[in-house]
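Undergrad: How does the following fold in three dimensions:
(one chain, ligands or ions: 1)
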Amino acid sequence: MGMASPVPQALILPARQGDLRAVFRIAEASFPIPWPLEELRKELTRPFSTLRVLRPEPNASIAAFSNYWRIDSEVQIMNVAVAPEHRRRGYGHMLLTDLIATGRDHGAHAVVLEVRRSNTAAIVLYERHGFQSIGVRPRYYSDNGEDALVMRRSLGRP
Ligand SMILES: CC(C)(COP(=O)(O)OP(=O)(O)OC[C@H]1O[C@@H](n2cnc3c(N)ncnc32)[C@H](O)[C@@H]1OP(=O)(O)O)[C@@H](O)C(=O)NCCC(=O)NCCS
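TA: Residues are numbered from 1 along each chain as shown. Predicted coordinates for the structure are as follows:
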């Protein structure tokens, strides 16, 4: 009787040492050239880096993560990835909403990123969050010579 069941709400928190293996496994499953575990570990100590992890529920395992650098007044997205078995549940949306909010809190004026030209899922997601393509880096990715699109979103207004 009585209480309505709570709306499920995933949690996004700063990564800790013990989260790094799970983050690395998601990176390995998500990127042709994943960052090595040791590089991800450094993100916990670099003063300009942020690494955040998403759990579907408070005690669940990590399903997704985001990683970005603050350089001057810009946020540069380094990694955003959702474990393959957790995709299309809105976690990518949630990570970007969180990234934009935390970037604003840090006083950033814009968010920039590079994305493979063929990565439709990511490009559509970024466009939905107000990113626009501002340029191309030809043959940017060394594994297959693919171009990178450079995308940017101003944080000047919500
Ligand atoms: C890109 C990625 C982060 C999206 O995560 P996700 O949790 O599946 O995304 P969401 O469920 O929040 O979906 C957000 C929107 O993105 C778009 N999208 C996501 N996957 C898509 C796909 N396979 N095809 C087309 N559009 C897609 C849709 O517009 C979707 O909204 P909708 O479900 O309401 O239609 C995920 O596919 C991923 O980890 N990919 C590998 C790593 C990667 O490419 N990262 C980005 C590199 S810059």
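Undergrad: Please make it C-alpha for all contacts and neighbour counts, starting now.
TA: OK.
Undergrad: Count residues in the vicinity of V53, would you?
TA: For V53, the count of nearby residues is 25 (other Cα atoms under 10 Å).
Undergrad: Now do the SS call for it.
TA: strand (DSSP: H, G, I helix; E, B strand; the rest coil).
Undergrad: For the closest residue to it other than its chain neighbours, give me its contacts.
TA: Leaving out its chain neighbours, the residue that sits closest to V53 by Cα to Cα, 6 or more residues apart in numbering is F65, at 4.3 Å. Shown in contact with F65 (Cα atoms under 8 Å, 6 or more residues apart in numbering): V23, L51, R52, V53, L54, N79, V80, A81, V82, L95.
Undergrad: let's see 10 Å
TA: Shown in contact with F65 (Cα atoms under 10 Å, 6 or more residues apart in numbering): 12-15, 22-24, 26-27, 51-55, 79-83, 91-92, 95.
Undergrad: So which of these reach the ligand?
TA: Among the contacts of F65, the residues lying close to the ligand (Cα under 6 Å from any ligand atom) are V80, A81, V82, Y91, G92.
Undergrad: the helices in this protein, which residues?
TA: Ranges of helices within the chain are 20-30, 37-42, 91-105, 120-128, based on DSSP state H.
Undergrad: quick one, which of those helices is nearest to D72?
TA: Proximity to D72 (Cα to Cα) singles out helix 91-105 among those, at 11.7 Å.
Undergrad: any idea of the angle the closest one forms with helix 120-128?
TA: Orientation note: helix 91-105 sits at an angle of 40 degrees relative to helix 120-128 (axes from the mean of the first three to the mean of the last three Cα atoms, to 10 degrees).
Undergrad: now the helices of the chain as a markdown table including mean neighbour count, distance to V111 and mean pLDDT?
TA: Putting those into a markdown table (neighbours: other Cα atoms under 10 Å; distance: least, Cα to Cα, whole Å; pLDDT from 0 to 100) gives the following:
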| stretch | mean neighbour count | distance to V111 | mean pLDDT |
| --- | --- | --- | --- |
| helix 20-30 | 18 | 21 | 98 |
| helix 37-42 | 15 | 20 | 98 |
| helix 91-105 | 18 | 8 | 95 |
| helix 120-128 | 14 | 11 | 97 |
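Undergrad: Can you redo these as a markdown table, where the extra columns are distance to L155?
TA: Formatted as a markdown table, the helices of the chain follow (distance: least, Cα to Cα, whole Å):
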| stretch | distance to L155 |
| --- | --- |
| helix 20-30 | 27 |
| helix 37-42 | 26 |
| helix 91-105 | 7 |
| helix 120-128 | 14 |
